[in-house]
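1. Dropping a prediction and its sequence here:
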Amino acid sequence: MNPKMMRLLWSVIETSQTKTLLQLDDASLVQWLLKQTTDRAFLDCRETDYLSDYIQSRLPLIRDIARERQYC
């Protein structure tokens with residue numbers, strides 16, 4: 001994944017509502033984040049697959065960030 005796409009994904013995460021990030025199950029959250037990101041940038045199939053895997057591998061971190069925001 002290129003740096004631009006990574007920044008875009010984390011921007012989506014940072015601007016997403018905490019409630020959304022915490023309430024969706026893992027599969028739904030991956031799909032939701034993938035859709036939010038691909039709505040902002042065109043990705044080919046390979047990039048989409050890689051982004052999906054990346055999101056899946058970072059779900060604990062994404063949820064930790066959301067929980068931390070919840071208490072601030």
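-> Received the coordinates, thanks. Numbers count the residues shown, from 1 in each chain.
2. How many residues are close by the nearest residue to Asp26 once chain neighbours are set aside?
-> Distance criterion CB to CB, 6 or more residues apart in numbering; nearest residue to Asp26, sequence neighbours excluded, is Leu59 at 5.7 Å. (Each C-beta comes from the backbone N, C-alpha and C, glycine too.) Per other CB atoms under 10 Å, the neighbour tally for Leu59 reads 14.
3. Please work out the average pLDDT along the host helix or strand of Asp64.
-> Element membership for Asp64 (DSSP states H and E) is helix 59-70. Averaged across helix 59-70, pLDDT comes to 95.
4. Tell me which other helices or strands it touches.
-> Packed against helix 59-70 by the contact rule (3 or more CB pairs under 8 Å, 6 or more residues apart in numbering; DSSP states H and E) you find helix 3-15, helix 18-23, helix 26-38.
5. okay if I get these as CSV plus mean pLDDT and distance to Ser52?
-> CSV is the format used below for the helices and strands packed on helix 59-70 (pLDDT from 0 to 100; distance: least, CB to CB, whole Å):
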stretch, mean pLDDT, distance to Ser52
helix 3-15, 95, 11
helix 18-23, 96, 16
helix 26-38, 97, 6
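6. who's in contact with the residue nearest to Ile13 when sequence neighbours are not counted?
-> Closest residue in space to Ile13, ignoring its immediate chain neighbours: Ile62 at 5.8 Å, by CB to CB, 6+ apart. Contacts for Ile62 (CB atoms under 8 Å, 6 or more residues apart in numbering) come out as 13, 21, 29, 33, 55.
7. Could you dump these into JSON lines with neighbour count and distance to Asp49 added?
-> Listed next are the contacts of Ile62 as JSON lines, based on neighbours: other CB atoms under 10 Å; distance: CB to CB, whole Å:
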{"residue": "Ile13", "neighbour count": "18", "distance to Asp49": "19"}
{"residue": "Leu21", "neighbour count": "20", "distance to Asp49": "22"}
{"residue": "Leu29", "neighbour count": "21", "distance to Asp49": "17"}
{"residue": "Leu33", "neighbour count": "25", "distance to Asp49": "14"}
{"residue": "Ile55", "neighbour count": "21", "distance to Asp49": "11"}
